[in-house]
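K.L.:
Return a 3D structure for these sequence lines:
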Amino acid sequence: MRATSVISVTMALTLAAMGCSDAAERPEAAPKTPPAGSPTGTDAFYKQRLSWSDCGGGFQCAKAEVPLDYTKPAGGKMRIALIRMPAKNKSQRIGSLFTNPGGPGGSGVDFIRQAAPSFGKDLRERFDIVGFDPRGVGASDPVKCMDGPRLDKYLSTDSSPDDQQEVEALAAESRNFAQACQSNSSGSLPYVGTLNAARDMDILRAAVGDAKMTYYGASYGTYLGAFYAEQFPKNVRALVLDGAVDPKVSSTQTLVEQAKGFETAFRAFAADCVKRADCPLGKSEDEAVKYISDFLAKLDKTPLPQRRDSRKVTESWAAMGIATALYAKETWTLLRQAIVQAAQQNDGTLLMVLADQMVERKEDGSYSNQTAANMAVNCVDKPNPADLAGYQKYVDTAKKTSPQFGPFVVWGGLPCVYWPVQTKEQPKATTAKGAAPILVIGTTRDPATPYKWSQSLASQLDSGVLLTLEGDGHTAYLQANPCISQATDRYLVTAKPPANGTVCR
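P.N.:
Numbering: from 1, shown residues only. Just a heads-up that it's a prediction; the model follows:
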């Protein structure tokens, strides 16, 4: 299951808008010099001001410049694409609310076009809701790897190999992916990691004229937000980290734990299904799990036809489609329909539709750069096993703890073994000492970012505050739960968080 490592929250959105009214904390104007701790030689980047222009739908767009290499800021530059929905009430405007939907590789520009109207009423009234494509993503000097046909081949490769021959075939495709990225994006690959993206955020903060950062990050966006707080703790006004990623977990262990999250969500789906009269999976949770397991095993031998194009629905494509539907409880009905269509009608179209959403494949056979950017950021952020044998040990562990999703999820990171750029920086806890209170939100049965990651991050941060949603789905804020929405909106407006340990149901 490729490119699922902390995927974007946009596919999991349940559009809702909740408001609250409280006295706001108004940040002062941004200083014209870089803050303490900023890389030397970045003054000109901090002094830039953005030129916003209308880009349709009530939105404005702009481009900002950032250094390609922060150790040599006078060298090359990258251009960061931004979008904003301006505050409705100019007289009560607080500043900008920066956002990131996750990924890595999710387009913040596309996210805001889709989701900005769903933020709370007070946020839309009092903040410019801002999205941006991080470096290497979307319209921000995107990383380029494989074209559509080559990605089709890569994604169709069996990502749950049963023997050494299939393992070698997967390894060959993973090497091809890494080599394609090196061939097409060698100049940017060393610089697209989260550390630099967080530095970019501080330049963007200054470019919009805010002295301090107000931010909502979902999924991988929590990792980006935590990196920002660690580097610029004094610049934090209010940060919401929704569906947290644990910064101190290794790259491979992240995938192992994520597989457990999908396993938990899968069993929650199965338990919900068997309570319904129209459930096609059996009468008990275990029966439902076995039904789908047997179905996937059958696909491993005999892929299904589907009506979108000439591709066959392999075991890998089907697992990806199932995982996509687990991101939001609202899509469980569609998943039941997809399984009935595939298993009983020999038609894999709905499963392929879901899988294509995961990897942002378009009807014309082209892809966004999400898969490329996802791999590029993940592979440079943390060290990776040195070889195939070392990597396979983590797959074996995941198969024991997550029999349905372990191999699919963990094998998805195999290109990182062959990645042309590697880091020696080990994962470590994030404390952001000196930062204002930071709100961490966790959902107890989140499939992509396990709840314990939110608990861990909140405890690592010196000023971390944990808010919990007892429920299903990936991330919490846009699920239209009034308790979550009101607590989050109030915090972003006033910079005063809810009581630590608050639980919403």
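K.L.:
Can you verify Phe252 is assigned to a helix?
P.N.:
Actually, residue 252 is Thr rather than Phe. Yes - assigned with DSSP: H, G, I helix; E, B strand; the rest coil, Thr252 falls within a helix.
K.L.:
Residues contacting stretch 448-456, please?
P.N.:
Contacts with stretch 448-456, where a contact means CB atoms under 8 Å, 6 or more residues apart in numbering, come from 4, 6-7, 219, 222, 241, 243-246, 248-249, 257-258, 260-262, 264, 327, 440-445, 466, 468, 474-475. No exception for glycine: its C-beta is placed from N, CA and C like everyone else's.
K.L.:
Could you turn the buried ones of these into a PyMOL selection?
P.N.:
Burial among those is assessed by 16 or more other CB atoms under 10 Å; the matching PyMOL selection reads:
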select buried, resi 4+6+7+219+222+241+243+244+245+246+249+257+258+260+261+262+264+327+440+441+442+443+444+445+466+468+474+475
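K.L.:
Of the contacts of stretch 448-456, which belong to helices?
P.N.:
222, 257-258, 260-262, 264 (DSSP state H).
K.L.:
And for the closest residue to Ala325 other than its chain neighbours, the neighbour number?
P.N.:
Excluding the flanking residues, the one nearest Ala325 by CB to CB, 6 or more residues apart in numbering is Leu335, at 3.7 Å. Using other CB atoms under 10 Å, Leu335 has 22 other residues around it.
K.L.:
for Lys362, same thing?
P.N.:
Residues lying near Lys362 (other CB under 10 Å) number 10.
K.L.:
Distance check, it against Asp356.
P.N.:
According to CB to CB, to the nearest Å, Lys362 and Asp356 sit 8 Å apart.
K.L.:
could you list every residue that touches Thr194?
P.N.:
Going by CB under 8 Å, 6+ apart, Thr194 touches 104, 223-224, 227, 377, 381.
K.L.:
now Gln422
P.N.:
The contact partners of Gln422, taken as CB under 8 Å, 6+ apart, are 379-380, 383-384.
K.L.:
other SSEs contacting the helix or strand containing the residue nearest to Ala325?
P.N.:
Here Leu335, judged by DSSP states H and E, is contained in helix 332-345. Judged by 3 or more CB pairs under 8 Å, 6 or more residues apart in numbering; DSSP states H and E, helix 332-345 is in contact with helix 251-273, helix 285-301, helix 315-325, helix 349-359.
K.L.:
okay, now the domains of this structure?
P.N.:
Per automatic domain parsing, the domain ranges recorded for the chain read 10-138+204-246+433-504, 148-187+250-359+385-418.
K.L.:
among those domains, which gets the worst mean confidence?
P.N.:
Lowest mean pLDDT within those: domain 10-138+204-246+433-504, at a mean of 92.
K.L.:
How much space separates Leu255 from Phe408?
P.N.:
Leu255 is 10 Å from Phe408, where distance means CB to CB.
K.L.:
for Arg311, same thing?
P.N.:
Using CB to CB, we find Arg311 at a distance of 17 Å from Phe408.
K.L.:
more neighbours, these two?
P.N.:
Higher neighbour count among Arg311 and Phe408: Phe408, with 27 against 20, using other CB under 10 Å.
K.L.:
these two touch, right, that one and Ala318?
P.N.:
No - using CB atoms under 8 Å, Phe408 is not in contact with Ala318; the gap is 9.9 Å.
K.L.:
Let's have the helices and strands packed on helix 332-345 in a markdown table, adding distance to Pro190.
P.N.:
Shown next, in a markdown table, are those (distance: least, CB to CB, whole Å):
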| stretch | distance to Pro190 |
| --- | --- |
| helix 251-273 | 17 |
| helix 285-301 | 38 |
| helix 315-325 | 29 |
| helix 349-359 | 25 |
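K.L.:
Among those, show me which one is buried the most.
P.N.:
Highest mean neighbour count among these (mean count of other CB atoms under 10 Å): helix 315-325, with a mean of 26.
K.L.:
Restricting to C-alpha, output that one in CSV.
P.N.:
Presented in CSV, the C-alpha positions along helix 315-325 are these (Å, rounded to 0.1, in the frame of the first residue of the first chain):
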residue,chain,number,x,y,z
GLU,A,315,-4.7,-7.5,-4.1
SER,A,316,-2.6,-4.4,-3.7
TRP,A,317,-5.2,-2.1,-5.4
ALA,A,318,-8.0,-3.6,-3.4
ALA,A,319,-6.2,-3.2,-0.1
MET,A,320,-5.5,0.4,-0.9
GLY,A,321,-9.2,1.0,-1.7
ILE,A,322,-10.3,-0.6,1.5
ALA,A,323,-7.8,1.5,3.5
THR,A,324,-9.0,4.7,1.8
ALA,A,325,-12.6,4.0,3.0
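K.L.:
Off-centre distance for that helix?
P.N.:
Put simply, helix 315-325 sits 17 Å off its chain's centre (CA atoms, centre = their mean, to the nearest Å).
K.L.:
Kindly report the same for stretch 209-222.
P.N.:
Remark: stretch 209-222 is offset 14 Å from the chain centroid, using CA atoms, centre = their mean.
K.L.:
do the same with stretch 345-362
P.N.:
Centroid separation between stretch 345-362 and its chain, computed with CA atoms, centre = their mean, is 20 Å.
K.L.:
next one: stretch 421-433
P.N.:
Distance of stretch 421-433 from its chain centroid, counting by CA atoms, centre = their mean, is 19 Å.
K.L.:
ok, and for that stretch, which residues are buried?
P.N.:
421, 423, 427, 430-432.
K.L.:
circling back: quick one, which of the domains of the chain is nearest to Gly193?
P.N.:
domain 10-138+204-246+433-504 (9.0 Å; CB to CB).
K.L.:
from what I can see Thr252 touches Val410, true?
P.N.:
Yes - with contact defined as CB under 8 Å, Thr252 counts as touching Val410 (7.0 Å).
K.L.:
Now do the shared contacts for the two.
P.N.:
Between them, Thr252 and Val410 share these contacting residues under CB under 8 Å, 6+ apart: Tyr394.
K.L.:
Just to be sure, Ala116 is in a strand?
P.N.:
No - the assignment for Ala116 (three-state DSSP) gives helix, which keeps it out of a strand.
K.L.:
That one contacts Pro86, correct?
P.N.:
No - here Ala116 does not reach Pro86: they are 10.3 Å apart, not a contact under CB under 8 Å.
K.L.:
Look at the two and report which has more neighbours.
P.N.:
Ala116 (23 against 16).
K.L.:
Now do the same contact list for the more buried one.
P.N.:
Each residue near Ala116 by CB under 8 Å, 6+ apart is listed here: 59, 85, 124, 129, 131.
K.L.:
Check the secondary structure at the spatially closest residue to Leu388 that is not a sequence neighbour for me.
P.N.:
Residue nearest to Leu388 in three dimensions, not counting chain neighbours: Ala171, with 5.4 Å by CB to CB, 6+ apart. Following three-state DSSP, we place Ala171 in the helix state.
K.L.:
Can you tell me how far Ala171 is from Gln164?
P.N.:
10 Å.
K.L.:
repeat for Gly501
P.N.:
Per CB to CB, Gly501 is found 49 Å from Gln164.
K.L.:
Equivalent analysis for Leu97, please.
P.N.:
Applying CB to CB to Leu97 and Gln164 gives a distance of 51 Å.
K.L.:
In terms of neighbours, single out the busier of those two.
P.N.:
Legend: neighbour count by other CB under 10 Å for Leu97 and Gln164, higher for Leu97 (27 against 9).
K.L.:
what sits against that one?
P.N.:
When contacts are counted by CB under 8 Å, 6+ apart, Leu97 touches 119, 123, 127-130, 214-216, 492.
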